[in-house]
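Participant: A predicted structure for the sequence below; I have some questions about it.
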Amino acid sequence: MADDGDGTAIWTQVVYVPSRRFQQGDTAAEFALSRFEDGRRVLPMYSSLELLVAGCGEDQPWVAVQLQAPEGIEELAELAGADVVLWDVDFTQVEGDAP
């Protein structure tokens, strides 16, 4: 939580999200989605950069996103086109589609 200057606490959280590699001329980040076998799109989110690197590898591009409210998690997932959010998942232990 942060302080808005007058002593009022403000909810804020930084999340780390795997992204596609940036190319010259890109104007926005594209989140790296995975899929469950049933077709649902999964947006992995990480509570720290260390956990993202441990779960996706050192070469995984990523984006840090500062959320201003708990609802921001669902809004970010909707913006990315995801059906499900998974926290701090270790893709090195999961078979199949990694970001």
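Facilitator: Ah, there it is.
Participant: and the residue most central in space within the chain, what pLDDT?
Facilitator: With distances taken as Cα atoms, centre = their mean, the residue of the chain nearest its centroid is residue 17 (2.5 Å). Per-residue confidence (pLDDT) for residue 17: 96.
Participant: show me where pLDDT drops low in the protein?
Facilitator: Low-confidence segments of the chain (pLDDT under 70): 1-10, 94-99.
Participant: the strands in the protein, which residues?
Facilitator: Under the criterion DSSP state E, the chain carries strands at the ranges 2-3, 9-10, 13-18, 34-35, 41-45, 62-67, 84-87.
Participant: Which of these sits closest to residue 74?
Facilitator: Taking Cβ to Cβ, strand 84-87 is the member of those nearest to residue 74, at 7.8 Å. Just so you know, the C-beta spots here come from the backbone N, C-alpha and C atoms, and that holds for glycine as well.
Participant: which helices and strands sit right next to that closest one?
Facilitator: strand 41-45, helix 72-80 (3 or more Cβ pairs under 8 Å, 6 or more residues apart in numbering; DSSP states H and E).
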